[in-house]
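Student: sequence and predicted structure are below.
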Amino acid sequence: MSINRRAAIAVAGWAALETRLARARQPARVFTPREVELLDPVSEMISPADRHSPGARAAGVSEYIHLIAANSPPEDQQRWRGRVQAFAQFAEKSQGKPFQALGPAQRKAVLASLAPEESHPRTEAGHFFADMKQITISAYYTSRIGLPDELEHKGNQAMSVFPVCAQPIKGHA
Amino acid sequence: MLHPSKDFRTHTWPWELKYRGHGRPGEYDGLWKINAYTDHLYTNPRQDTCRSQPEFHWTRLRAVGGRTNTWGRACFRHGPLDFKTKSKQGFGEEWPISYEELAPWYGKAERLVGIRGGRDSYFNMPDGVYAGPAHNPRCTELWMKGRAAKIGVPVLPERTAVLSVTDDGRRRLAHDISPMA
């Protein structure tokens, strides 16, 4: 390999690294602050704080959604934005006010009217609900609150014996 | 040289990895078995290419022991039907050997590896030479077994190269691997 070619490759390598660093320094901003106010309560409604667990907000679900969206390829970021906007429009059209201004019962009605679409979304708003449910479950049950605290998952462990099930689940017989 | 305590992420919790183990969105799409738990062991077939048919997915490890490091440890014998699918079931090709010819070699391999499994006498799933009985089922597995029995589906223990008994003088330590890693 000639010196010139080697130098050219080194320069190209540096340029690529610079681009990557610049991108890493950019603040994660896929959603507007107004949309953030929408994502957070939707995830909390999907996995609410109740007597079983502290819920999606405590588990940092919406922060995870921002992380994923901000580091997704541009076309996926566009899809996230398009769907959150479609959902906002759907909520306002069906309840007469922006989602952020709705009370708990009205917010619930919005989600309930999209829930039947979950397995086969027909609209962009329906896609948003399905996406949100999927990512909320994924984020929640990979968090400390969801995995070891709620599911009582013990993590991978070295075991010298495999004990007999001590507390059979009711109704297994 | 592979250093088990440093080079395996088996005990890493998902929230300890930036994308919960999935990698940056899209990073590992279409790459079989490669994720943030394993990407330091596997070669990336997009970067480390080899000459082969495009439909052949070639996933390799660069670590002492190769793919055994991330192998799920299931050790089933193929059954008599699997060697003669063309004549018995009308698809695929006949193997040039039969199950009966291969059976003694399965036994040798099983004794070498050290496997726990049950004597289940199930159709086309021959029992092997096992160092110990199958592991006790977990509570959830018992539940599943009971429910499946109601619709006539048997739930049998895996034959697995995970020993918690001493086998031919070598001490074995079992390691419970969840589907997480």
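Tutor: In hand now; what should we look at?

Student: any regions of the chain where pLDDT drops low?
Tutor: Picked chain A for this. A:1-28, A:171-173 (pLDDT under 70).

Student: that was the other one, I meant chain B.
Tutor: Within chain B, the set of residues satisfying pLDDT under 70 comprises B:1-2, B:4, B:164-181.

Student: which stretches of it form strands?
Tutor: B:174-176 (DSSP state E).

Student: residue closest to the middle of chain B?
Tutor: B:Gly72 (3.2 Å; Cα atoms, centre = their mean).

Student: what residues does chain A put near chain B?
Tutor: Contacts of chain A with chain B, taken as Cβ under 8 Å from any Cβ of the partner chain, map to A:64, A:67-68, A:71-73, A:76, A:138-139, A:142-144, A:147-148, A:153, A:155-169, A:171-173. In short, each C-beta sits where N, CA and C put it, glycine included.

Student: out of the residues you listed, which are inside strands?
Tutor: Per DSSP E, strands hold the following members of these: A:157-159.

Student: same list (these) but as JSON lines, adding neighbour count.
Tutor: Formatted as JSON lines, these follow (neighbours: other Cβ atoms under 10 Å in any protein chain shown):
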{"residue": "A:Gln157", "neighbour count": "12"}
{"residue": "A:Ala158", "neighbour count": "10"}
{"residue": "A:Met159", "neighbour count": "14"}
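
Student: could you dump those into TSV with distance to B:Ile97 added?
Tutor: As requested, those are arranged in TSV below (distance: Cβ to Cβ, whole Å):
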residue	distance to B:Ile97
A:Gln157	41
A:Ala158	39
A:Met159	38
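
Student: what lies in contact with the lengthiest helix in chain B?
Tutor: What stands out as the longest helix in chain B, according to DSSP state H, is helix B:99-113. Residues from elsewhere that reach helix B:99-113 (Cβ atoms under 8 Å, 6 or more residues apart in numbering or on different chains): B:75, B:77-80, B:82-83, B:126, B:128-131, B:161, B:168.

Student: ok, back up a step: any of the residues of chain A next to chain B buried? List them.
Tutor: With burial judged by 16 or more other Cβ atoms under 10 Å in any protein chain shown, the buried subset of these is A:64, A:67-68, A:71-72, A:138-139, A:142-143, A:147, A:156, A:172.

Student: for the residues you listed, which one is nearest A:Ser43?
Tutor: Using Cβ to Cβ, A:Ala139 comes nearest to A:Ser43 of those, at 7.8 Å.

Student: A:Gln100 - nearest residue in space that isn't next to it in sequence?
Tutor: Distances taken as Cβ to Cβ, 6 or more residues apart in numbering or on different chains put A:Glu37 closest to A:Gln100, at 4.9 Å, once the chain neighbours are dropped.

Student: tell me the SS of that neighbour?
Tutor: helix (DSSP: H, G, I helix; E, B strand; the rest coil).

Student: now do the residue nearest to B:Gly128 when sequence neighbours are not counted against B:Phe76, distance only.
Tutor: Among residues not flanking B:Gly128 along the chain, B:Glu110 sits closest, at 4.7 Å (Cβ to Cβ, 6+ apart). For B:Glu110, the distance to B:Phe76 (Cβ to Cβ, to the nearest Å) stands at 11 Å.

Student: the two: which is more packed in?
Tutor: Using other Cβ atoms under 10 Å in any protein chain shown as the criterion, B:Glu110 and B:Phe76 rank with B:Glu110 on top: 19 against 14.

Student: I'd say B:Lys84 and B:Ser98 touch.
Tutor: Yes - with contact defined as Cβ atoms under 8 Å, B:Lys84 counts as touching B:Ser98 (7.1 Å).

Student: coming back round to it: measure the residue nearest to the centre of chain B to chain A for me?
Tutor: Here the criterion is Cβ to the nearest Cβ, to the nearest Å. By it, B:Gly72 lies 13 Å from chain A.
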